[in-house]
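[1] Fold the following.
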Amino acid sequence: MKKRERQKSTFWKDFKAFISRGNIVDLAVAVVVGAAFTAIVNSLVNDIIKPLIALLIDGNFSELVVVLRAEELNEAGEVITQAITLNYGNLIMAILTFLIDAFVIFTVLRIVRNAQRRMRETAEELRNRLVKKQEETADAAAAEQAAQAQAAEPQVPAETVESLLAQIRDLLKENREKTDETNKK
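    The predicted structure is shown next:
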């Protein structure tokens, strides 16, 4: 009994996980939107395009048929044998509906893909700007730290070239005097 309850609860958990997956929900939304879209396209074809074409051909597409065998009537006017016809007008309308569906879907997908491409390019451009700004901020911070470190170091007054030359001359003079004294001894 416990095994059966355990299996049942596992089944429902698995079913719940299956239903709650994102792709299943997306598929359900696509079916609903597709049904609504089909209604719109059918209305476009039946209510706008068909009447315009019927106006051009002086008739209705459903009337475009080739009679293969005429119907047989009895003396009372009742149909004994149904007529056999090729309804090529309905085929033309089905093809026309398909082409309109395909064109609209192609157009929508093209718009969506272009929008996605623009969004990717914009995101990449913004990312590059952000990286560049971060690098500039880091460079400015490093320069500021270097300036602060340099300002913190005690400054030794820079000696002029003339004073350095005078010091060198005095050292050489002292060294020569010492050498002369050493030579005299």
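[2] for the chain, what spans make up the strands?
    Remark: strands assigned in the chain by DSSP state E are 66-69, 72-73, 79-81, 84-86.
[3] Of those, which is nearest Thr122?
    strand 84-86 (55.0 Å; C-beta to C-beta). All C-beta atoms are positioned from the backbone trio N, CA, C, and that covers glycine.
[4] tell me which strands and helices that closest one is in contact with?
    On a contact count with 3 or more C-beta pairs under 8 Å, 6 or more residues apart in numbering; DSSP states H and E, strand 84-86 meets strand 66-69.
[5] List the buried residues in the strand it packs on.
    Within strand 66-69, no residue is scored as buried using 16 or more other C-beta atoms under 10 Å.
[6] Provide the strand pairings for it, with the direction of each partner.
    Strand pairing for strand 66-69, using DSSP bridges, gives strand 84-86 (antiparallel).
[7] what is the rounded mean pLDDT of the partner strand?
    Mean pLDDT, computed over strand 84-86, is 90.
[8] sorry, back to before: just send the strands of the chain back as a markdown table, with distance to Ala102 too.
    Shown next, in a markdown table, are those (distance: least, C-beta to C-beta, whole Å):
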| stretch | distance to Ala102 |
| --- | --- |
| strand 66-69 | 27 |
| strand 72-73 | 42 |
| strand 79-81 | 39 |
| strand 84-86 | 25 |
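[9] between the ones you listed, which gets nearest to Thr160?
    Nearest of the strands of the chain to Thr160, taken as C-beta to C-beta: strand 84-86 at 112.9 Å.
[10] how distant is that closest one from the center of its chain?
    In terms of C-alpha atoms, centre = their mean, to the nearest Å, the centre of strand 84-86 is found 50 Å from the chain centre.
[11] just stretch 171-180 next, same as before
    Centre-to-centre, stretch 171-180 and its host chain are 84 Å apart (C-alpha atoms, centre = their mean).
[12] buried set for it?
    Neighbour counts over stretch 171-180 (16+ other C-beta under 10 Å) mark no residue as buried.
[13] what sits up against it?
    The contact list for stretch 171-180 (C-beta atoms under 8 Å, 6 or more residues apart in numbering) is empty.
[14] Of the strands of the chain, which is nearest Ile24?
    Closest among these, once you apply C-beta to C-beta, is strand 84-86, at 42.8 Å.
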